[in-house]
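Visitor: Generate coordinates for the sequence data below:
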Amino acid sequence: MRLYNSCCLDILSSLTEEVVIVTDPPFNVNYHYNQYKDNMSEENYYNFLHKILKGRPSVVIHYAEQLHKLSIKLQQAPNKVVSWVYNSNTPKQHRQVGFYNVVPDFTNAYQPYKNPNDKRIKKLIEQGKKGARLYDWWNVNQVKNVSKEKTNHPCQMPLQVMENIINILPKHLTVVDPFMGSGTTGVACKKLNRKFIGIELNQDYFQLAKQRIEEN
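Guide: Residues are numbered from 1 along each chain as shown. Below you'll find the model as predicted:
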């Protein structure tokens with residue numbers, strides 16, 4: 001596991017191993033981060049994401065319309081799209097998880113049975129089954145101020161979403177998060193015994209992520 005307090009473009013250009021980018025990037029909506037300015041022109045924003053992804057196996061979490069624009073910029077459709085849905089007080093209550101240049105294997109991840117009291121399900125549980133195969137529709141709550149896993153980062157990803165993603169990616173690839181933020185991707189990789197490279201520009205967020213990964 002390697003962590004860098006640096007600009008992601010500087011680190012990505014030096015990597016030699018086989019990697020897969022897994023990231024929830026800044027959404028370019030003028031959000032208030034400590035250092036990064038989240039207000040590029042639309043052209044510069046998608047050019048920036050293109051430089052980061054540029055043909056690499058990648059998993060990008062974004063709103064549907066932004067993922068569509070990214071696909072146009074990349075000149076390719078995702079191999080797979082998953083819907084992540086959640087209840088919130090915001091106009092948008094779902095995001096898309098786009099898999100580019102990589103095909104997820106949903107047989108490697110499980111979700112709890114929806115009806116554990118069903119006789120057939122009870123029998124499967126007695127046989128040691130872990131749950132139902134993961135589908136392409138994930139109902140996972142956002143991390144809120146009252147959430148147990150909440151840190152001081154303003155846009156923290158739920159650990160369950162990142163665990164789902166990591167579980168269905170090819171295991172030989174090193175996971176790289178160029179916008180490490182609170183370190184959720186790193187925590188998921190550590191929990192699932194996956195190689196991880198985390199990159200974060202802001203020093204405060206970097207220290208937060210580093211400590212969180214070390215403690216989990």
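Visitor: quick one: furthest residue from the center of this structure?
Guide: Going by C-alpha atoms, centre = their mean, the residue of the chain most distant from its centre is residue 119, 35.5 Å out.
Visitor: Distance-wise, check that residue relative to residue 51.
Guide: 54 Å (C-beta to C-beta, to the nearest Å). Every residue, glycine included, has its C-beta placed from N, CA and C.
Visitor: Confirm residue 194 sits in a helix?
Guide: No: Residue 194 sits outside any helix when classified using DSSP: H, G, I helix; E, B strand; the rest coil, being coil.
Visitor: ok, residue 180 - contacts?
Guide: Contacts for residue 180 (C-beta atoms under 8 Å, 6 or more residues apart in numbering) come out as 3, 186, 198, 199, 200, 205, 206, 209.
Visitor: redo that, cut-off 6 Å
Guide: Counting by C-beta atoms under 6 Å, 6 or more residues apart in numbering, residue 180 touches 198, 199, 200, 209.
Visitor: what does residue 1 give?
Guide: Residue 1 neighbours (C-beta under 6 Å, 6+ apart): residue 196.
Visitor: run the last query once more with 10 Å
Guide: 174, 175, 186, 189, 190, 194, 195, 196, 197, 198, 213, 214 (C-beta atoms under 10 Å, 6 or more residues apart in numbering).
Visitor: nearest to residue 151, of the residues you listed?
Guide: Lowest distance from residue 151 to the contacts of residue 1 (C-beta to C-beta) belongs to residue 213, with 11.4 Å.
Visitor: so that closest one sits in a helix?
Guide: Yes: under three-state DSSP, residue 213 sits within a helix.
Visitor: What pLDDT does the model give residue 92?
Guide: You'll see residue 92 listed with a pLDDT of 84.
Visitor: What sits closest to residue 39 if chain neighbours are left out?
Guide: Closest residue to residue 39 apart from its sequence neighbours, by C-beta to C-beta, 6 or more residues apart in numbering: residue 30 at 4.5 Å.
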